[in-house]
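S.K.: 3D model of this:
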Amino acid sequence: QVQLVESGGGLVQAGDSLRLSCAAAGRTFSNYVMGWFRQAPGKEREFVAAISRGGSDTYYADSVKGRFTISRDNAKNTVFLQMNGLKAEDTAVYYCAGRQWSRVSIHGNDYDYWGQGTQVTVSS
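M.R.: Below you'll find the predicted structure:
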C-alpha cells in the first residue's frame with residue numbers, strides 16, 4: 001500500500017507558475033512509476049505527465065509539453081510537477097498516481113494508487 005498526498009495547488013493568473021508536490025508514504029517509493037493526471041469539471045480525467053522509477057524517462061501530454069516538467073526525488077519520496085506558463089485551460093484537479101510495474105504508462109487505469117487531488121485554478 002502506498003499513500004499519496006498532493007500539495008501546491010492554488011489560484012493563479014494566466015502566465016504564472018506553480019509547483020505541485022506529491023509525497024508518498026508506505027512502500028519503497030523508487031519501485032513505483034509515478035504520474036500526474038488532471039480532471040476539469042465536466043471532463044474526463046486526462047494524462048499530464050509520467051516519470052520512470054529512476055527518473056531518467058519522462059512523458060508528457062502534448063497540451064503541456066514544453067511548459068510542465070515532472071521530476072522526482074526518491075530520497076525524499078516525492079514527485080513534483082513544475083507548471084510554467086499556465087493557461088486557463090489548465091484549470092483542473094490534479095492527481096498524482098503510482099504504478100507498481102516498471103513500464104511507464106499514460107493510462108490512468110494502469111495506476112494502482114492515487115492521491116486525493118489538489119485544485120489548480122488559472123484565471124485569464
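S.K.: quick one: the closest residue to residue 14 other than its chain neighbours and residue 53, what's the gap?
M.R.: Counting by C-beta to C-beta, 6 or more residues apart in numbering, the nearest residue to residue 14 once its immediate chain neighbours are dropped is residue 124, at 4.9 Å. Glycine gets a C-beta too; all of them are placed from N, C-alpha and C. According to C-beta to C-beta, to the nearest Å, residue 124 and residue 53 sit 37 Å apart.
S.K.: of these two, which one has the most company?
M.R.: residue 53 (20 against 10; other C-beta atoms under 10 Å).
S.K.: before we move on, the earlier item: isn't the residue nearest to residue 14 right next to residue 89, touching?
M.R.: No - with contact defined as C-beta atoms under 8 Å, residue 124 does not reach residue 89; the gap is 9.2 Å.
S.K.: residues of stretch 115-124 that come out buried?
M.R.: 115, 117-118, 120, 122 (16 or more other C-beta atoms under 10 Å).
S.K.: count the neighbours of residue 2 for me.
M.R.: By other C-beta under 10 Å, 20 other residues sit near residue 2.
S.K.: contacting residues for it?
M.R.: Counting by C-beta atoms under 8 Å, 6 or more residues apart in numbering, residue 2 touches 24-27, 29, 32, 98, 112-113.
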